[in-house]
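J.: Got a sequence here, can you model it:
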Amino acid sequence: MKKIKVLFVCMGNICRSPTAEGVFAKLVKEQNLDAHFTIDSAGTHAYHVGNQPDLRSQAAALERGVDLSGLRARQVVYGDFEDFDFVLAMDDENHSILMSACPEHYQRKIKYFLDYAPQLNERQVPDPYYGGQYGFERVLDMIEAASAGFLTALRAAGSIK
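T.: Predicted structure coming up:
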């Protein structure tokens, strides 16, 4: 069975993208689909390589049953564009950086994560790093909605049953 490989990407890989990795991994595990996926996250910048997710992200996620403590930040590498089936960007800036770095024949893999949650009427997951606690909760709400929508889209496309 060929696994579906999903990479979530934000700037530093300590808030939004590891949260998306954790939330999506929990969702697929709850639906007994974890054997069908390889899930990872990365940042477009190397600011926090090797670090755990932001403690506020970890705390907010843990309140919803998602443990991010085992994740470590890394930077997107060239091979990610070849290896992953989906490279899901959190915002315009990271989408633009990914498109610039990605070979043209792999650019179709790069999408906005929130495109899978059209009911939110937003395309960008805001960076909660400089905001208060509510920012982390809002990000989790958005990521949960997009994760469910992404899984639904994969099912509709026949990628999983």
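J.: Now that we're looking at G22, what pLDDT does it have?
T.: G22 carries a pLDDT value of 98.
J.: burial of it, as a residue count?
T.: 29 (other C-beta atoms under 10 Å). C-beta: built from backbone N, CA, C; applies to glycine.
J.: cool, and the one 5 residues further on?
T.: For L27, the tally of surrounding residues (other C-beta under 10 Å) stands at 20.
J.: And for N13?
T.: Count around N13 with other C-beta under 10 Å applied: 29.
J.: Okay, buried residues for stretch 128-145 please.
T.: Under the neighbour-count criterion of 16 or more other C-beta atoms under 10 Å, stretch 128-145 has P128, Y129, G135, F136, V139, L140, M142, I143, E144, A145 buried.
J.: Could you identify the most distant pair in the residues you listed?
T.: Y129 and A145 (20.7 Å; C-beta to C-beta).
J.: Would you map the strands across the chain?
T.: Here the chain has its strands, by DSSP state E, at 4-10, 37-43, 86-89, 110-112.
J.: quick one on the thing from earlier: want to throw the buried residues of stretch 128-145 into CSV with pLDDT?
T.: Below are those laid out as CSV (pLDDT from 0 to 100):
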residue, pLDDT
P128, 94
Y129, 87
G135, 92
F136, 95
V139, 97
L140, 97
M142, 98
I143, 98
E144, 98
A145, 98
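J.: What is the nearest of the residues you listed to R16?
T.: V139 (5.9 Å).
J.: Provide a list of residues in contact with that closest one.
T.: C15, R16, T19, S57, A60, V125, P126, P128 (C-beta atoms under 8 Å, 6 or more residues apart in numbering).
J.: among the residues you listed, which ones are buried?
T.: Buried, going by 16+ other C-beta under 10 Å: C15, R16, T19, S57, A60, V125, P128, out of those.
J.: could I get those residues as TSV with distance to S41?
T.: Shown next, in TSV, are the buried ones among the contacts of V139 (distance: C-beta to C-beta, whole Å):
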residue	distance to S41
C15	10
R16	9
T19	8
S57	11
A60	16
V125	12
P128	15
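J.: Out of the residues you listed, which is nearest to M1?
T.: Looking across these and measuring by C-beta to C-beta, the closest to M1 is T19, at 27.4 Å.
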